[in-house]
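K.L.:
Make a model of this:
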Amino acid sequence: MSQETHLSLADFEKAMTELESLVTRMESGKLSLEDALGEFERGIALTRQCQQVLMSAEQKVRQLSANGEETSVASPNEGFDGAGDGE
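P.N.:
Next up is the predicted model:
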């Protein structure tokens with residue numbers, strides 16, 4: 001897997017902040033066409049990185065959910081051994 005798929009949550013937050021900044025600069029209308037294209041290109045790269053993080057997180061949630069369905073969870077009235085005696 002590429003490093004893009006291993007972004008940390010901090011990297012994700014940083015990328016989102018940079019994307020918001022890019023959008024603000026582009027919406028200002030003060031960039032030259034060349035600068036706007038450069039910002040757009042950077043935005044696409046950041047978006048792809050963020051999508052990889054989100055897809056990875058979604059996959060992890062699905063795996064954890066699937067594992068949870070296979071594992072019996074003790075109710076509050078059951079003992080730690082699952083015997084159901086409440087003690």
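K.L.:
quick one: residue 42 and residue 22 touch, right?
P.N.:
Yes. Between residue 42 and residue 22 there is a contact under Cβ atoms under 8 Å: 6.4 Å. Where C-beta positions appear, they are placed from N, C-alpha and C, glycine not excepted.
K.L.:
Who has more neighbours out of these two?
P.N.:
More crowded of residue 42 and residue 22, by other Cβ atoms under 10 Å: residue 22, with 18 against 13.
K.L.:
which ones are touching that one?
P.N.:
Listed by Cβ atoms under 8 Å, 6 or more residues apart in numbering, the contact set of residue 22 reads 39, 42-43, 46.
K.L.:
Now the element after the helix or strand encompassing residue 21, going C-ward?
P.N.:
Element membership for residue 21 (DSSP states H and E) is helix 9-28. Per DSSP H and E, helix 9-28 leads on to helix 33-70 as the next helix or strand towards the C-terminus.
K.L.:
That following helix: how far from the chain's middle?
P.N.:
6 Å (Cα atoms, centre = their mean, to the nearest Å).
K.L.:
Averaged pLDDT, it. What do you get?
P.N.:
Mean pLDDT, taken over the full extent of helix 33-70, equals 91.
K.L.:
try stretch 9-19
P.N.:
Stretch 9-19 comes out with an average pLDDT of 92.
K.L.:
Mind listing residues that contact that stretch?
P.N.:
Under the contact criterion Cβ under 8 Å, 6+ apart, stretch 9-19 has outside partners 7, 42-43, 46-47, 49-50, 53.
K.L.:
Can you lay out these as a markdown table showing distance to residue 61?
P.N.:
Formatted as a markdown table, these follow (distance: Cβ to Cβ, whole Å):
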| residue | distance to residue 61 |
| --- | --- |
| 7 | 17 |
| 42 | 29 |
| 43 | 26 |
| 46 | 23 |
| 47 | 21 |
| 49 | 19 |
| 50 | 16 |
| 53 | 13 |
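K.L.:
Out of the residues you listed, which two sit at the greatest distance?
P.N.:
Longest distance between any two of these is 16.9 Å, between 42 and 53; criterion Cβ to Cβ.
K.L.:
returning to that earlier point: want to throw the contacts of residue 22 into CSV with distance to residue 68?
P.N.:
Below are the contacts of residue 22 laid out as CSV (distance: Cβ to Cβ, whole Å):
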residue, distance to residue 68
39, 43
42, 39
43, 37
46, 33
